[in-house]
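>>> sequence and computational prediction follow.
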Amino acid sequence: METSGYTTAGGIEVEVAAFDVPETVLEDVVTTLGERRGGVLSSGMEYPGRYSRWHLAYVDPCLEIVARGRRISARALNARGRVVLPAVASCLLAAGKPTGQPTAEHIEIYVAESEEIFPEEMRSRRPTVFTAIREIIAAFKGENEHLGLYGSFGYDLAFQFEPIRQVLTRAEDQRDLVLHLPDRVMVIDRKRETSKEYRYEFTVDGLSTRGLAREGESVPLPAAPSEIPADPEKGSYAQVVAAAKEKFVRGDLFEVVPGQVFHAPCTDPAAFYRGLRKVNPAPYEFLFNLGEGEHLVGASPEMYVRVSGERVETCPISGTIARGSNPIEDADAIRTLLSSVKEESELTMCTDVDRNDKSRICVPGTVQVIGRRQIEMYSRLIHTVDHIEGRLRPEFDALDAFLTHMWAVTVTGAPKTWAMQFIEDHEATTRRWYGGAVGFIGFDGSMNTGLTLRTAQIRGGVATVRAGATLLFDSDPEAEERETELKASALLGALAAVGAPQEQAAAEPAGERPGEGMKVLLVDHEDSFVNTLADYFRQQGAEVVTLRHGFPASMIEEISPSLVVLSPGPGWPSDFGLPALVEALYERDLPVFGVCLGLQGMVEQAGGTLGLLDHPEHGKRGQVRRIGDSALLEGLPEEFTAARYHSVHAKQPGVVGFTTTALTPDGAVMAIEDVARRRFAVQFHPESILTARGGAGARVIANVLRLCRTSA
């Protein structure tokens, strides 16, 4: 155990004891948060220079701060909180007038609006509930990096700074801010490879927390709800997009980010958090028990504001595309995303607004884009992200940085106030926590907050999930509606899986393997891809024997193959005596499948014509178009992408004895078939990563085995 102590700027004595603890302490806290106040903040992603993996947790904070509109209160949650409350109460009273008689456990004040006109440079100093937060930070100012206020900041807090006309009815149970003051914090730092617990003791006006119990009240988990609210009607979001496009035409808006709400049952927030971290790791993962029967669970991809010393950072996200089913499809999606003018415009506007927000409080010339259109990959989505930094001017602090960005353009739009008014006018319900922030404000001047996205608010056994899309004039209404559904799907999927993933896994049927019981003789023509080709056949259940070309024909009988595969290779078919081998195989009435050089050898044996391409196609992606019915290419789209590695090609017309079933746009023969005699060939490489999109290469191999299987 290590101990230290200091006195804060407000005269509060703080003692800190640090203990080594096992990493399992994090899971213990997660379980406890089902029924007790507290929070877990974690990062499940590594992006060098931007995010590293860490975990932080606390339970049973001694005190909570809650804001509803311009009323802000502080409440002691146990005997330790009653010791600390007088110091916090004096901070609140310095910021506003009490709404009633303060007690030993509770105080509430009202912060009135000021008639004074503030310069825009000082907008973050206007009297709001944050005036009280600023007083608390000043009183507790000290050197410990983990002591601070932890919790959630709601979307409506922005209305204390911006003149938004409210249209939607606010629920009576809506809170705009819930912050906790923990006196026990667990920190797991993956970079430093440390796992610590920090315990704090406070002395205020001569009274100490030493020896007082840390536990708080326990609230049972909710029962399953009797009814789940209906999800949005199909097409309703598209109507909002249409309304936004009218605003774009008028010049009232440049971009706007409205959302829509989905619902699902959730009676175990801790299990949901665990499942969400597993299926959708993110830079800002969190679970908060905010008391009053309310939990927040999220996996946000976006930093809101991070401050260390005088450095302030943000990472606006805009530009979205669905992930593929494998890395090859992901690469195609990334290429599409980066080449989209619309997606680039979205992020450009967000970054320009973000730079403007920083320029209000940063040293001139220090606001820099240090990462542009960087790719971040999540469970179902790929995003483009910019990374922006600035240096705070001496007269500003972390809270100023937080407030000048309220709220992020990536969840509002531009111009901000007009976009926020459009959202108020067109969304069906208030945003509550969505579009705000979660995280902590350190008493050492630091801050780390994530934007409240990909978040479920859980109350009464019902999880509410809101998702939005960035709209521009060239937005497609149906596509934007699908994007909101896709963004919500990661959370809704994790909610649906709570308690059921093992049952689902056990119920999945085994896939069909058409090569079971078949033996494949693979003839290697000194090719660099023959082992991968063999692996594709083995994946389908076939036994594969590979022989280098030039083996005695008698070995064919010894092996007794169900199918002979002629591999790709360099040069021409005659370099390997391929026509003679093909003739020998045909004499034995064996099924044959040729790939690249194999196709050319089968064409040459049949008396067809081969030629040289004007431009060699080696390691190039090509568009392959099916012609007519094709048993070999069954299940593939009419046009698909495949890998080309060749200079020699079969000419069309000129292929003898086969039906040509696929060509490239430049006329090169890509597939030939003779179904009756079980002879097939492709010019492209089915085993290449360039033929993996949609499982095309594997489908061709499966089709070959199915077509060449010997009848019983």
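In hand now; what should we look at? Residues are numbered from 1 along each chain as shown.
>>> ok, residue 325 - how many residues close by?
By the criterion of other CB atoms under 10 Å, residue 325 has 11 neighbours. (Glycine included, C-beta is placed from N, CA and C.)
>>> isn't there a helix covering it?
No: under DSSP: H, G, I helix; E, B strand; the rest coil, residue 325 falls outside any helix and is assigned coil.
>>> show me this structure divided up by domain.
If you go by the TED database, the domain ranges for the chain are 2-310+392-497, 519-708.
>>> for residue 362, find the nearest of those.
domain 2-310+392-497 (6.2 Å; CB to CB).
>>> show the end-to-end separation of that closest one, please.
From its first residue to its last, domain 2-310+392-497 covers 42 Å (CA to CA, to the nearest Å).
>>> and it, how far from the chain's centre?
Domain 2-310+392-497 sits 19 Å away from the centroid of its parent chain (CA atoms, centre = their mean, to the nearest Å).
>>> likewise stretch 385-400?
With CA atoms, centre = their mean, you get 25 Å for stretch 385-400.
>>> buried ones in the helix or strand hosting residue 243?
For residue 243, the host element (DSSP states H and E) is helix 236-250. Within helix 236-250, the residues scored as buried using 16 or more other CB atoms under 10 Å are 237-238, 240-241, 244-245, 247-248.
>>> for the chain, what are the low-confidence residue spans?
499-511, 710-712 (pLDDT under 70).
>>> kindly confirm my reading that residue 585 is in a strand.
No: in this structure, residue 585 is helix, not part of a strand, as judged by three-state DSSP.
>>> OK, contacts around residue 537?
The contact partners of residue 537, by CB atoms under 8 Å, 6 or more residues apart in numbering, come to 515, 520, 522, 544, 565, 701, 705.
>>> helix or strand for it, which one?
Here residue 537 is assigned to helix 530-539, by DSSP H and E.
>>> tell me the contacts of residue 229?
263, 462.
>>> go again with 6 Å.
residue 263 (CB atoms under 6 Å, 6 or more residues apart in numbering).
>>> how close does it sit to residue 462?
7 Å (CB to CB, to the nearest Å).
>>> shared neighbours, these two?
Joint contacts of residue 229 and residue 462 (CB under 6 Å, 6+ apart) are residue 263.
>>> my read: residue 608 touches residue 654, true?
Yes: using CB atoms under 6 Å, residue 608 is in contact with residue 654, at 5.3 Å.
>>> okay, those two: which has more neighbours?
Set side by side, residue 608 and residue 654 show more neighbours around residue 608, with 21 against 14, by other CB under 10 Å.
>>> who's in contact with the more buried one?
Here residue 608 is in contact with 650, 654-656 (criterion: CB under 6 Å, 6+ apart).
>>> could you dump those to JSON lines with secondary structure?
Output for these, formatted as JSON lines (three-state DSSP):
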{"residue": "650", "secondary structure": "strand"}
{"residue": "654", "secondary structure": "coil"}
{"residue": "655", "secondary structure": "coil"}
{"residue": "656", "secondary structure": "coil"}
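>>> buried subset of those residues, written for PyMOL?
The buried residues among those can be selected in PyMOL (16+ other CB under 10 Å) with this line:
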select buried, resi 650+655
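>>> what's the closest of the contacts of residue 608 to residue 452?
Using CB to CB, those come closest to residue 452 at residue 650, 59.4 Å.
>>> counting by contacts, list what the longest helix along the chain packs against.
Determined from DSSP state H, the single longest helix within the chain is helix 477-497. Contacts defined by 3 or more CB pairs under 6 Å, 6 or more residues apart in numbering; DSSP states H and E place helix 477-497 against helix 236-250, strand 259-265, helix 269-279, strand 462-468.
>>> closest one to residue 690 among these?
helix 269-279 (28.9 Å).
>>> now that closest one: buried residues?
Within helix 269-279, the residues scored as buried using 16+ other CB under 10 Å are 269-277, 279.
>>> is it true that residue 181 touches residue 63?
Yes: using CB under 6 Å, residue 181 is in contact with residue 63, at 4.3 Å.
>>> can you classify residue 122 as helix, strand or coil?
Assignment for residue 122 (three-state DSSP): helix.
>>> residues contacting residue 231?
residue 262.
>>> residue 175 too?
Per CB under 6 Å, 6+ apart, neighbours of residue 175: 66, 68.
>>> pretty sure residue 400 is in a helix, no?
Yes: assessed with three-state DSSP, residue 400 lies in a helix.
>>> which non-adjacent residue is nearest it?
Leaving aside its chain neighbours, residue 400 sits nearest to residue 124 (4.4 Å; criterion: CB to CB, 6 or more residues apart in numbering).
>>> and the one you found, what does it touch?
With CB under 6 Å, 6+ apart, residue 124 has these contacts: 400, 403-404.
>>> can you tell me what sits against stretch 103-121?
By CB under 6 Å, 6+ apart, stretch 103-121 touches 70-71, 73-76, 82, 89, 92, 95-99, 126-129, 131.
>>> buried set for the longest strand anywhere in the chain?
Counting by DSSP state E, the longest strand found in the chain is strand 610-626. For strand 610-626, burial by neighbour count (16+ other CB under 10 Å) applies to 610, 617, 621-622, 624, 626.
>>> for it, name the packing helices and strands.
Counting contacts by 3+ CB pairs under 6 Å, 6+ apart, strand 610-626 is packed against strand 639-650, strand 659-663.
>>> now the ones you listed as a markdown table including distance to residue 52?
Shown next, in a markdown table, are the helices and strands packed on strand 610-626 (distance: least, CB to CB, whole Å):
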| stretch | distance to residue 52 |
| --- | --- |
| strand 639-650 | 37 |
| strand 659-663 | 49 |
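>>> so which of the ones you listed gets nearest residue 468?
strand 639-650 (32.6 Å).
>>> give me the helices and strands touching the closest one, please.
strand 610-626.
>>> ok, back up a step: just the contacts of residue 537 now: which is nearest residue 451?
In terms of CB to CB, no member of those lies closer to residue 451 than residue 701, at 45.3 Å.
>>> now for that closest one: which residues touch it?
By CB under 6 Å, 6+ apart, the contact list for residue 701 reads 536, 540, 686.
>>> SS state for it?
Going by three-state DSSP, the secondary structure assigned to residue 701 is helix.
>>> use 212 as the first number for this chain going forward.
Sure, I'll start counting at 212 from here, so that last one is residue 912.
>>> ok, it to residue 582 distance?
Taking CB to CB, one finds residue 912 at 41 Å from residue 582.
>>> if we ignore the residues flanking it in sequence, what's nearest residue 488?
Nearest one to residue 488, counting by CB to CB, 6+ apart, is residue 496 at 5.3 Å.
>>> please disregard the earlier target; I meant residue 544.
Nearest non-adjacent residue to residue 544, counting by CB to CB, 6+ apart: residue 532, 4.9 Å away.
>>> I'd guess the one you found is in a strand, am I close?
Yes: looking at residue 532 with three-state DSSP, it is inside a strand.
>>> nothing else from me, thank you.
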